[in-house]
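Engineer: Predicted model follows, preceded by the sequence.
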Amino acid sequence: MEPGDQLRRFPLPFPRQRLDKRAVEVVTRLQRAGFEAYMVGGCVRDLLVGRQPKDVDIATSAKPEQVQRLFRRSRVIGRRFRLVHVYVGRDVFEVATFRRAPDASDEDGEAQMIRSDNVFGTAREDALRRDFTVNALLLDPGANEILDWCGGMEDLRRGRLISIGDPMRRFREDPVRILRLVKFVRRLEFSPGPEEVAASRELAMDLEKAAPPRVVEEVFRLM
């Protein structure tokens, strides 16, 4: 079964009290306004492995202007990748509209490096565009459940770091994912799959083609 073929829902495996109350307020307001909204990415992964997230990212079906109209203390940032900073007390929450992976293939089907990632999509498409299955989980505080299109819950349970889709293709699309693989292996003490290791070795030199600021950011995080 390919990633994204089936959505699985899991009840929260930890007390709701561990959720950031102000982040829950932001998600709840978006949901009450009729939009889909979830906590996403690293904050969900960290909560599931018993860590306290440093920050909470939120993804929603609302467009940036719609988010800004809902929250008086907010501002749209970015040009090619537009998202909204929502201010609640002293906290700042990054609210991004669901995105899908852009078409990154040439005529021969060869994966090409992604230069822009600003195409709006669905919650499922937003999960599938992420790097590893454990980073593709969505948390719905309204329903107290985890949404999983990619088998991330099973990989978390087994301590595996697995690419979403063919790692050769995904690392060629974005070589910075190779550095992220190293970072998560060390930080989470997870085991990468043999295909992920082989792809990272073969494509390591592609890091020269990545945007220098992104490479520098990941190197600092590694250190």
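Structural biologist: Yes, it's here. Numbering: from 1, shown residues only.

Engineer: show me where pLDDT drops low in the chain?
Structural biologist: Within the chain, the stretches with pLDDT under 70 are 1-4, 103-118.

Engineer: All the strands of it, in order from the start?
Structural biologist: With DSSP state E, the ranges of strands along the chain come out as 8-11, 37-40, 57-60, 74-77, 83-88, 91-97, 99-100, 119-120, 138-140, 145-148, 160-161, 191-192.

Engineer: Just put those in a markdown table and tack on distance to Leu181.
Structural biologist: C-betas here are computed from N, CA, C, even on glycine. Output for those, formatted as a markdown table (distance: least, Cβ to Cβ, whole Å):
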| stretch | distance to Leu181 |
| --- | --- |
| strand 8-11 | 24 |
| strand 37-40 | 19 |
| strand 57-60 | 20 |
| strand 74-77 | 28 |
| strand 83-88 | 25 |
| strand 91-97 | 23 |
| strand 99-100 | 21 |
| strand 119-120 | 25 |
| strand 138-140 | 22 |
| strand 145-148 | 20 |
| strand 160-161 | 6 |
| strand 191-192 | 6 |
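
Engineer: any idea which of those is most buried?
Structural biologist: Highest mean neighbour count among those (mean count of other Cβ atoms under 10 Å): strand 37-40, with a mean of 26.

Engineer: Return the list of helices and strands in contact with it.
Structural biologist: helix 21-32, strand 57-60, strand 138-140 (3 or more Cβ pairs under 8 Å, 6 or more residues apart in numbering; DSSP states H and E).
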